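# sharing a model that was predicted from the sequence below.
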Amino acid sequence: MPSVLMLLTNAYEPDPRVRQEALALTAAGCRVRLLAWDRDLKHPARESMEGVEVERVFLASRHGRGTTQIFFYAWLYLKLLYRGWRTRFDAVHCHDLDTLPLGVALGLLKGKPVIYDAHESFTDMLEGSVHPLVLRLLVRMENLLLRRTGLLITVGEKLRAHFAARGARRTVVVGNWKRQRDFLRTPQENAETLRRLGIPEDALVVACITQLLRDRKIEELLDAVEHCPQVHVIVGGGGVLEPLVRQRAALNPRIHYVGYIGPREIANYTCAAGVVYYGFDPENPNARFSAPNKLFEALAAGRPLITGDFGEIADVVRRADCGFVLEQYSAAAIRQALMALHDTNRRNRLSQNAFNFGRTSMNWEMGEATLRREYSAVLGVELGTGQQRTPNVESVVAGGVA
């Protein structure tokens, strides 16, 4: 049985993308072992979660330390290097840039291929929070390490092309896609969800389930809803804007704040809604690559999407003709889109377009198939059958065997 060592700098509670990939590899016949950083010191040191073996390293820290976080990473790497050296594995799977140096080191030491799973453009995410010199060094380090990976997996085509242009040898897209069957709800189930919230069945309902941060354009949405008497909005999540959202919900009975919710509840509220809203600051450096979970949830549920003109999400909405791409995040522009969605025929057409695009182009069954194919090439084993095959020479060399 091939063994995959995954490296992760959160505690795996679980992380949704990591969970999907780990379960897919387990189902394909791999043993998946996960080394995770628990910086809050609150989880078990070892546990088996749905067949995934999780081992946590404890090192107290917090997010947002900026440049000083480097010192914590140095100590973390020593801890993880020791654990990784003692672990048998056939490939090391690095989740995001902050695990890649360690993964490449383990790959070289053990002569095993390295898979780099870029959830986002990590260096763009850090812009403004670390010293510019540190940022430049991280970009150069990533360019160097990209050439040592046997496979790069990322979330969208724009980001894949970006990494390929920087020297990644073998690249593939495995988005945060969803299973459509997980987003199937009966009309009765949807009606019950709305009833619990006190929302009339004939209302136009907007689902906005996200981190409640200032760059998510939540205030603009709530302002638009104020002037749309037939529109209700379901807001879920936590963050710095939670007090504001609670206040607005207390003043307006058409704003429903449901707090932090789990994956199944996300599907419940998404399916009960008539439209999904995704806000993000277009000026954020990472916006140019944006392919968020909300996009794939809307496609799986067959719901129109309202979003801004940036990243992969805008490209998909236009290509699938499944929603509205706003020129700007203003209450007036959002209100105009909501008014257009009052047309039932138009809303139904956009919903069907979203569902069809999810069924044919972006769903987790496709993601699983891609992972099986690419891992089979890297490991030299036909996953799911146990049949040996000739290893992918380029992947093995890139991973440090040669």
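Thanks, I have the structure now. Computed from a prediction, not measured in an experiment: that's the story for all the values here. Numbering: from 1, shown residues only.

# and S48, helix, strand or coil?
Three-state call for S48 (DSSP: H, G, I helix; E, B strand; the rest coil): strand.

# surely it meets V54?
Yes - contact status for S48 versus V54: in contact at 7.2 Å, counting by CB atoms under 8 Å. Bear in mind the C-beta positions are built from the backbone N, C-alpha and C, glycine included.

# these two - which one has more neighbours?
Between S48 and V54, counted using other CB atoms under 10 Å, V54 has the larger neighbour count: 24 against 8.

# phi, psi for V52 please.
Backbone torsions of V52, given as degrees, to the nearest 10, read phi -90, psi 130.

# got any ranges where the stretch 301-402 of the chain has weak pLDDT?
Scanning the stretch 301-402 of the chain for pLDDT under 70 picks out 385-402.

# same thing with the chain?
64-66, 68, 385-402.

# E55 and A36 touch, don't they?
Yes - the pair E55 and A36 qualifies as a contact (CB under 8 Å) at a distance of 7.3 Å.

# and these two? Which one has more around it.
Of the pair E55 and A36, A36 is the one with more neighbours under other CB under 10 Å, namely 24 against 18.

# list the contacts for that one?
A36 makes contact with 8-12, 54-57, according to CB atoms under 8 Å, 6 or more residues apart in numbering.

# so which of those residues comes closest to R179?
Using CB to CB, Y12 is the member of the contacts of A36 that lies nearest R179, at 20.5 Å.

# what's the neighbour count on A74?
Each residue near A74 was counted by other CB under 10 Å, and the total is 9.

# enumerate the positions of the helix or strand hosting it that are buried.
A74 is part of helix 69-85, with elements assigned from DSSP states H and E. Using 16 or more other CB atoms under 10 Å as the test for burial, helix 69-85 gives 69, 72-73, 76-77, 80, 83-84.

# and stretch 165-178, by the same measure?
Neighbour counts over stretch 165-178 (16+ other CB under 10 Å) mark 168-171, 173-178 as buried.

# chain center to it: distance?
13 Å (CA atoms, centre = their mean, to the nearest Å).

# list the contacts for D215?
Here D215 is in contact with 279-281, 284 (CB under 8 Å, 6+ apart).

# show the buried residues in those.
279-281, 284.

# element containing V206?
Counting by DSSP H and E, V206 is part of strand 204-209.

# just the terminal-to-terminal distance for stretch 45-58.
8 Å (CA to CA, to the nearest Å).

# who's in contact with it?
Here stretch 45-58 makes contact (CB under 8 Å, 6+ apart) with 11-12, 14, 19, 22-23, 26, 31-38, 41, 43-44, 76, 79-80, 83.

# redo that, cut-off 7 Å
With contact meaning CB atoms under 7 Å, 6 or more residues apart in numbering, stretch 45-58 is reached by 11-12, 14, 22-23, 26, 32-38, 41, 43, 76, 79-80, 83.

# narrow the residues you listed to those in helices?
Secondary structure from DSSP state H places 22-23, 26, 76, 79-80, 83 of those in helices.

# of these, closest to D343?
The shortest approach to D343 among the ones in helices among the contacts of stretch 45-58 belongs to L23, at 40.2 Å (CB to CB).

# from the contact counts, what lies against the strand holding V206?
strand 231-236, helix 263-272, strand 275-277 (3 or more CB pairs under 7 Å, 6 or more residues apart in numbering; DSSP states H and E).

# looking at those, which is closest to L204?
Taking CB to CB, strand 231-236 is the member of the helices and strands packed on strand 204-209 nearest to L204, at 4.9 Å.

# mind listing what's buried along the next helix or strand after that closest one?
Following strand 231-236 in sequence order, the next helix or strand is helix 242-251 (DSSP H and E). Across helix 242-251, burial judged by 16+ other CB under 10 Å covers 245, 248-249.

# would you mind pulling the contact partners of the next helix or strand after helix 242-251?
Note on helix 242-251: by DSSP H and E, the next helix or strand toward the C-terminus is strand 255-257. By CB under 7 Å, 6+ apart, the residues outside strand 255-257 that reach it are 197, 199, 222, 225, 232-235, 245-246, 248-249.
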